[in-house]
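> Please find the sequence and the predicted model below.
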Amino acid sequence: MSVILLLTFLFPAVLSLNGQEVPVYSFAQFEQLLQKRNDTTYVLNFWATWCVPCVKELPDFEKAGVHFNNKKFRLVLVSLDFKSQINSSLIPFLKAKKIRSGVILLSEPDPNSWIDKVNRNWTGSIPMTIIYNRDFYFFREGSMSFSELENILTKNIIP
């Protein structure tokens with residue numbers, strides 16, 4: 001495997017506008033995050049700017065991100081927006097909504113090829129959230145409130 005191909009695989013592309021960066025991942029790159037099982041609790045929220053329930057729950061995820069910031073915790077907002085609209089839609093949306101959490105863009109043209117790899121029970125609808133660490137795994141299609149997130153995370157974050 002060539003060095004260039006290896007670097008392309010290991011490091012996602014990063015698109016930015018006025019300092020706001022959004023890494024763009026292929027599913028192969030993103031899948032590495034799904035396979036982490038350690039003492040960090042990961043919250044992956046799949047969403048899009050055009051999804052009304054997704055946008056409605058984002059403040060609750062932002063609040064959870066701040067609330068659990070001093071713990072072994074990582075929140076990743078996984079945008080399913082179109083790569084071609086990252087500068088015209090996604091980044092302006094993040095700025096307007098003052099999203100501070102980590103955002104990545106999952107850019108994979110055929111969702112049917114990877115949805116089951118994320119979770120075999122996922123129908124593909126969004127919002128969808130996965131919470132996991134080495135001892136715990138949670139999956140939910142549909143919106144989540146801060147109190148639901150707080151309850152799950154308080155019980156399952158590894159000290």
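Nice, thanks for sending it over. Since the model is a prediction, treat every value here as computed from it, not as a measurement.
> and the helix ranked longest in the chain, what other elements does it pack with?
Criterion DSSP state H: the longest helix present in the chain is helix 52-67. Counting contacts by 3 or more CB pairs under 8 Å, 6 or more residues apart in numbering; DSSP states H and E, helix 52-67 is packed against strand 41-47, strand 73-79, helix 146-156. Where C-beta positions appear, they are placed from N, C-alpha and C, glycine not excepted.
> quick one, which of the ones you listed is nearest to Ser125?
strand 41-47 (9.3 Å; CB to CB).
> Tell me the helices and strands packed up against the closest one.
helix 27-34, helix 52-67, strand 73-79, strand 128-132, helix 146-156.
> what's the spacing between it and its chain's center?
With CA atoms, centre = their mean, to the nearest Å as the basis, strand 41-47 stands 5 Å off its chain's centre.
> ok, and what's touching that strand?
33-34, 36, 54-55, 57-58, 61, 64, 68, 71-80, 106, 118, 126-133, 136, 149, 153, 156-158 (CB atoms under 8 Å, 6 or more residues apart in numbering).
> Same question for stretch 72-90.
With CB under 8 Å, 6+ apart as the criterion, stretch 72-90 contacts 15, 17, 22, 24, 30, 33, 39-50, 58, 61, 64-65, 68, 99, 101-107, 111, 126, 133, 153, 157-158.
> Restricted to buried residues, select these in PyMOL.
Remark: buried members of those, expressed as a PyMOL selection using 16 or more other CB atoms under 10 Å:
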select buried, resi 15+22+24+30+41+42+43+44+45+46+47+48+49+58+61+64+65+68+99+101+103+104+105+106+107+126+133+153+157
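> how about the helices and strands packed on helix 52-67, which one is nearest Trp122?
Comparing those by CB to CB, strand 41-47 comes nearest, at 8.5 Å.
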